[in-house]
Every structure is written in C-alpha cells, then in structure tokens.
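*Asks:* Provide a 3D model corresponding to the input given below.
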Amino acid sequence: MVSDSAKPELGERKRANRRLTRSLLIMTAGSFAFGWALVPLYDVFCKVAGIGNAQAKAGAAEVGEAVDANREVTVEFLADPATVGSFEFRPEIAAMRVHPGKLYDTQFYAKNLTGGRSVAQAVPSISPTVAAQYFHKTQCFCFSPQHFGVGEGRDMPVRFIVDPNLPDNVDKITLAYTFYDRTEAAAP
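*Replies:* Okay, here's the model as predicted:
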C-alpha cells in the first residue's frame, strides 16, 4: 500500500515522464523534418555557393556555341582517388587551352584495383568558385556511379563548354575530381 506522502511524488513523476516523452517526440519529429529537408537545403547551398553539378546541368542547355576566338582560357584537370589503393585514377591530359563558347572533350582514366567488383562515384570541384557558374559539363562520368569489374580499367569522357560570359579576370579554371569507392553503399 502506498502512503499518502508517496502519492504526490508519484503524480509528480508521471508529469515529469509525460514532459520527457513529449520532449522526445518533438525532438524526433524535428530530426525527421530536418532529414527530410536536408537534400533541398543542400541543393540551395550548392546553387548559392556555385559548386556541384546543379548549375552545370542547368546551364548546359543555355550556352550556345558563340565561340570567342579572341580569348583563351586554360582548363587544368586534377584527379584524386579518395581511398588509397582502391583505384588508379588520372586525367588523360593535365591541361588544355580553350576558347569560351566552344564545346570540348577530354577523358579521365580509372582502373579498379580492389580485386573485386566495385562501384565508384566522382565528385567534381571547380575553382575559382566564381568560374563554376560559367563552366558547363554536358556529359560527365560524374553524373552517375561507375561500375567496374575485377581489374577493369576504362576511359571516361567529359564534355564541357566555358561560357563566353566568363569574367575577363579569370584565365585559368581547375576541374578537380575526387573518386570515391562506393561499393559498400551500392550493395543491396
């Protein structure tokens, strides 16, 4: 039997448990809402910062071939395998001189060194940041995961155009890729 002095303590404990349960439910709902909104927020961040593929995909259709034959821009290509030993990854050429408004092709080479089937994803980065909105990839291996067989190596194309509206003070653009082994993430 519960004494009279213990009854108020039980009532207070129930109220405290209800407050805690309510707080945990609010925190869970907030975490779910944040997770749900994370992708659109990331897209907005990338668009504002001028990074990623969002502007390259959108801008590819807008840029025509109005070649500026009086201007040349150096485009430098860099490649970095994020996990040492998993892939050989490199550009076919280190740099090229391009005329804004003209469509160009280049290739990167990747080879699976894991000893098993692999899936890799390239993440591009363009610098200087101001140039990202003027550098448009129309075809790129970075748009989708790349599946490799055991020991498979292949050339992967990149087709790009530099917008003729690129600011005059930009004469060098660096296109860098980090190549991530996504095999575990792609497994069913």
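*Asks:* Who is residue 126 paired with across the strands?
*Replies:* Beta-bridge pairing of residue 126 under DSSP bridges involves residue 175.
*Asks:* just the strands in this protein please.
*Replies:* Applying DSSP state E to the chain gives strands spanning 73-81, 87-91, 95-98, 103-112, 118-127, 135-140, 146-148, 153-162, 172-181.
*Asks:* What is the third one packed up against?
*Replies:* So that's strand 95-98. In this structure, strand 95-98 packs against strand 73-81, strand 103-112, with contacts taken as 3 or more Cβ pairs under 8 Å, 6 or more residues apart in numbering; DSSP states H and E. No exception for glycine: its C-beta is placed from N, CA and C like everyone else's.
*Asks:* Give me the distance between residue 106 and residue 91.
*Replies:* Applying Cβ to Cβ, to the nearest Å, the value for residue 106 to residue 91 is 7 Å.
*Asks:* same question, residue 130
*Replies:* Where residue 91 is concerned, residue 130 sits at a distance of 23 Å (Cβ to Cβ).
*Asks:* And the two? Which one has more around it.
*Replies:* residue 91 (19 against 14; other Cβ atoms under 10 Å).
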